[in-house]
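Visitor: got a sequence here, can you model it:
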Amino acid sequence: MYIDRKEVLRYMGYRGQNIGHTTEKLLNDCIDEVASVSKESFLYEIFDVEHTAEGLCLKGTTLTLAGEDIGKHLANSEKCALMAVTLGLEVDKRITFYSKTDIAKALVFDACATAAAESLCDTVHEKIETEARSMGFETTTRFSPGYGDFSIGIQKELAKVLKAYEGIGLSVNESSIMIPRKSVTAFIGLQREKSDKSGHSCESCDSKNCFFRKGVE
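Guide: Numbering: from 1, shown residues only. Here you go, the predicted model:
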């Protein structure tokens, strides 16, 4: 498992400061622990896209993707890959345990787990990109429920369509929270022309006060 130290530090709120020996050791320990207890699992499926007045429909599913932002993201897409990844329940258990016994470690461990989940997303995205190119398509960036005006309420139906619980043990509760918590779902468009890859990024995001923003002004 690859965990990007720079991303971990960004999630921890560091912007180039010297982190010190104690934090450095804690960071290294947490990276090793997250890697050792994670049960990386993923699945994805590619669907044809139908553009309708109600939104974008993924053919053969019950999903209609409503919202201006997801509509723009997939405007040129003929197909759409729906993906889900998770690190497993043990990561959640460790975060809960450390939040009660060692708050500093809980924060660092959580940041490491978030970076690990994003790394797994990158790996799955590469697999989708390879498959897409074999079919003559280019891919967009990832777009997840909760981005812009794309409702997080779609998570439960998304998990049902992917059979995420049966496949990787990922479920969604009535509040649209994924269990395990260190899980990610996303949509990736497949289109004929090259994507500019800007997608949902710090540069394009309207949330100017986001804590995780990468120094964009």
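Visitor: could you name the helices and strands sitting against the top strand by length along the chain?
Guide: With secondary structure taken from DSSP state E, the chain has its longest strand at strand 41-52. Strand 41-52 sits against strand 55-58, strand 77-86, helix 103-134, helix 155-162, helix 164-168, with contacts defined as 3 or more CB pairs under 8 Å, 6 or more residues apart in numbering; DSSP states H and E. Placement of C-beta: from N, CA and C, glycine included.
Visitor: contacting residues around the shortest one?
Guide: When contacts are defined by CB atoms under 8 Å, 6 or more residues apart in numbering, strand 55-58 is touched by residues 47-51, 63-67, 70-71, 74, 80, 82, 161.
Visitor: go through the helices and strands packed on strand 41-52 and name the closest to Ile3.
Guide: helix 103-134 (5.0 Å; CB to CB).
Visitor: average pLDDT across the closest one?
Guide: The average pLDDT within helix 103-134 is 98.
Visitor: between helix 103-134 and the first helix or strand past that helix going along the chain, find me the angle.
Guide: Downstream of helix 103-134, the first helix or strand assigned by DSSP states H and E is strand 138-143. If you take axes from the mean of the first three to the mean of the last three CA atoms, to 10 degrees, strand 138-143 sits at 160 degrees to helix 103-134.
Visitor: what separates strand 138-143 from the chain centre, distance-wise?
Guide: 12 Å (CA atoms, centre = their mean, to the nearest Å).
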